[in-house]
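Participant: Got a predicted model here, sequence first, then my questions.
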Amino acid sequence: MSESFRMGELFSGPGGMALGARLAAQATEGVELLHAWANDYDLDTCRTYRRNILVPEYGEDAKVVDSSTELPVGGGGIVHQNVHDLDIDALGDIEGFAFGFPCNDYSLVGEWKGLAGTYGPLYSYGVKVLASKKPKWFVAENVSGLRGANEGRAFKQILEHLQRPDDGPGYTIVPHLYSFDDYGVPQRRQRIVIVGIREDIDVEFRVPSPEIYKDVDVTARTGITSPPIDRRAPNHEFTRQSKNVVDRLNHIYPGEHAFSPRVVKVLPKHLRIKTKTTISTIYKRLEPDKPAYTVTGAGGGGSHMYHWSASRALTNREKARLQSFPDDFIFEGLKDSVRKQVGMAVPVKGAEAIFTALFKSFARAPYPSIDPNIEVAKILSPGHLGQS
């Protein structure tokens, strides 16, 4: 059985989800994938998506447009527009849909406002796409903190709306908390991914087993150095570190940070961080023989991720390696913009593992699977609150 999917994306980011889906489709016999349209509010991000995702499929005719009414009729465009202003009905028809709705209000390192925050309700635009376009499947991604936001009410509401979009078809949903280092990504990054298949389609998605990735070397050392990065590689600009930063890093051991007890004992007073709170990622060095800690897209001094032996911050290309982007994936924009894009992206190999399972499900091809670690029935049962 052959399947052809046109895929749309909201909150697309630079293209981690899209590239993972493309690689999965290429590796699955009988499945074709076309990236029909996408949307993101950041212009550099849109340009990155165009360059790496759309141009390979549509050539230089691929466009970044300012509204969905300007999208090319046959596909091949990304809309640079705030989702609040997006004309969803004007977007083209699709069979597949992906959206990594903003995580700011669900992250455990933020204020955890959930649905009461600025970003918390943005998932609803994905629900509107489901109701309007009625795709055969969708893939939604967010941080692990989503489960506990608003004492569990946010997650329950989101699952209800994804399962039963207003005026739309019903979906069978499979949420699961993935640890992407179990799926070939050289980084500890836990994310909730919800896969939905339209109820009238006789296809069952199962969570892919990490067993087939058990022999993949996901250490930070291998991720960054194998193969070596060409010094002239794009997005590989080195940060010029101040003397104080270099001196501070010289007192920090791999896997430790500026507030580690052993470091504080040896750190000269003028190099200590004087704050009321201690944050475990400030001036934290990688442990070369373990997966990296989570790559982020923002933060002030000391939050850039630091090499295990060289006294410097990682380059954006090294961080992109930890997010499993290939070196020929070029990010548009200045260094700070690229940092944000890399940190906000879905790891390519993590997305590829999930889409491979999804596409094999449609192709009726066997694959090893595990039970989901989030129970939909339990969460949606009357009176249930809190984490599953």
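Facilitator: Structure's in. What do you need? Numbers count the residues shown, from 1 in each chain.
Participant: For the closest residue to Gly302 other than its chain neighbours, give me its contacts.
Facilitator: Of all residues not flanking Gly302 in the chain, Ile282 sits nearest, at 4.1 Å (CB to CB, 6 or more residues apart in numbering). For the C-beta atoms, the positions are set from N, CA and C on the backbone; glycine is no exception. Contact analysis of Ile282 by CB atoms under 8 Å, 6 or more residues apart in numbering lists His257, Ala258, Phe259, Ile273, Gly302, Ser303.
Participant: rerun that using 6 Å as the cut-off
Facilitator: His257, Ala258, Gly302 (CB atoms under 6 Å, 6 or more residues apart in numbering).
Participant: from the residues you listed, which is closest to Ile224?
Facilitator: The closest of the contacts of Ile282 to Ile224 turns out to be His257 (CB to CB; 18.7 Å).
Participant: Need the nearest residue in space to that closest one, chain neighbours excluded.
Facilitator: Using CB to CB, 6+ apart, the closest residue to His257 is Lys284 (3.8 Å).
Participant: Kindly list the main-chain dihedrals of the one you found?
Facilitator: phi -90, psi 130 (degrees, to the nearest 10).
Participant: Show me where the stretch 251-388 of the chain has its strands.
Facilitator: Ranges of strands in the stretch 251-388 of the chain, per DSSP state E, counting those that start in this stretch, are 369-370.
Participant: Can you tell me which of the contacts of Ile282 has the most neighbours?
Facilitator: Counting neighbours by other CB atoms under 10 Å, Ala258 comes out on top of the contacts of Ile282 with 23 neighbours.
Participant: Phi, psi for that one please.
Facilitator: Here is the backbone geometry of Ala258 (degrees, to the nearest 10): phi -60, psi -20.
Participant: need the contact list for it.
Facilitator: Contacts of Ala258 (CB under 6 Å, 6+ apart): Ile273, Ile282, Tyr283.
Participant: For the second one, give its distance to Ile273.
Facilitator: Here the distance between Ile282 and Ile273 works out to 6 Å (CB to CB, to the nearest Å).
Participant: now do the last one
Facilitator: In this structure, Tyr283 and Ile273 are separated by 8 Å, where distance is defined by CB to CB.
Participant: Among the two, which residue is more densely surrounded?
Facilitator: Shown here are Tyr283 and Ile273; by other CB under 10 Å, Tyr283 has more neighbours (26 against 17).
Participant: Grab the nearest non-local neighbour of the most centrally placed residue in the chain.
Facilitator: By CA atoms, centre = their mean, the mean C-alpha position of the chain lies nearest to Val346, the distance being 1.9 Å. In this structure, Val346 finds its nearest non-sequential neighbour in Gly16, 4.0 Å apart by CB to CB, 6+ apart.
Participant: quick one: least confident helix or strand in the chain?
Facilitator: helix 153-163 (a mean of 88; mean pLDDT, DSSP states H and E).
Participant: what helices or strands is that one leaning on?
Facilitator: Applying 3 or more CB pairs under 6 Å, 6 or more residues apart in numbering; DSSP states H and E, we find helix 153-163 packed against strand 171-179.
Participant: Show me which positions of the strand it packs on end up buried.
Facilitator: Neighbour counts over strand 171-179 (16 or more other CB atoms under 10 Å) mark Tyr171, Thr172, Ile173, Val174, Pro175, His176, Leu177, Tyr178, Ser179 as buried.
Participant: Reformat the residues you listed as TSV; add distance to Ile197 and pLDDT.
Facilitator: Shown next, in TSV, are the buried residues of strand 171-179 (distance: CB to CB, whole Å; pLDDT from 0 to 100):
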residue	distance to Ile197	pLDDT
Tyr171	6	97
Thr172	5	97
Ile173	8	97
Val174	8	97
Pro175	13	96
His176	14	96
Leu177	19	96
Tyr178	18	97
Ser179	23	97
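Participant: now for these, which pair is the farthest apart?
Facilitator: Between any two of those (CB to CB), the greatest distance is 24.6 Å, for Tyr171 and Ser179.
Participant: Report the angle between the one helix or strand Tyr125 maps to and strand 171-179.
Facilitator: Using DSSP states H and E, Tyr125 sits in helix 123-133. Here the directions of helix 123-133 and strand 171-179 differ by 140 degrees (axes from the mean of the first three to the mean of the last three CA atoms, to 10 degrees).
Participant: The closest residue to Glu256 other than its chain neighbours: neighbouring residues, count only.
Facilitator: Closest residue to Glu256 apart from its sequence neighbours, by CB to CB, 6+ apart: Val263 at 5.5 Å. If you count neighbours by other CB under 10 Å, Val263 ends up with 19.
Participant: what does whichever helix or strand comes after the helix holding Tyr125 contact?
Facilitator: Counting by DSSP H and E, the next helix or strand C-terminal to helix 123-133 is strand 137-143. Residues outside strand 137-143 that contact it (CB under 6 Å, 6+ apart) are 96-100, 103, 106-107, 191-197, 346.
Participant: Can I get strand 137-143 in PDB, CA atoms only?
Facilitator: Provided in PDB are the C-alpha atoms of strand 137-143 (Å, rounded to 0.1, in the frame of the first residue of the first chain):
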ATOM      1  CA  TRP A 137      -2.500  12.300  11.300                       C
ATOM      2  CA  PHE A 138      -0.800  14.900  13.400                       C
ATOM      3  CA  VAL A 139       2.300  15.100  15.600                       C
ATOM      4  CA  ALA A 140       2.400  17.700  18.500                       C
ATOM      5  CA  GLU A 141       5.400  18.300  20.700                       C
ATOM      6  CA  ASN A 142       6.000  20.100  24.000                       C
ATOM      7  CA  VAL A 143       8.100  20.000  27.100                       C
END
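Participant: in it, what's buried?
Facilitator: Trp137, Phe138, Val139, Ala140, Glu141, Asn142, Val143.
Participant: now swap in stretch 10-27 and tell me
Facilitator: Residues of stretch 10-27 classed as buried: 10-25 (neighbour count, 16+ other CB under 10 Å).
Participant: got it, and stretch 44-61?
Facilitator: Asp44, Thr45, Cys46, Arg47, Thr48, Tyr49, Arg50, Arg51, Asn52, Ile53, Leu54, Tyr58.
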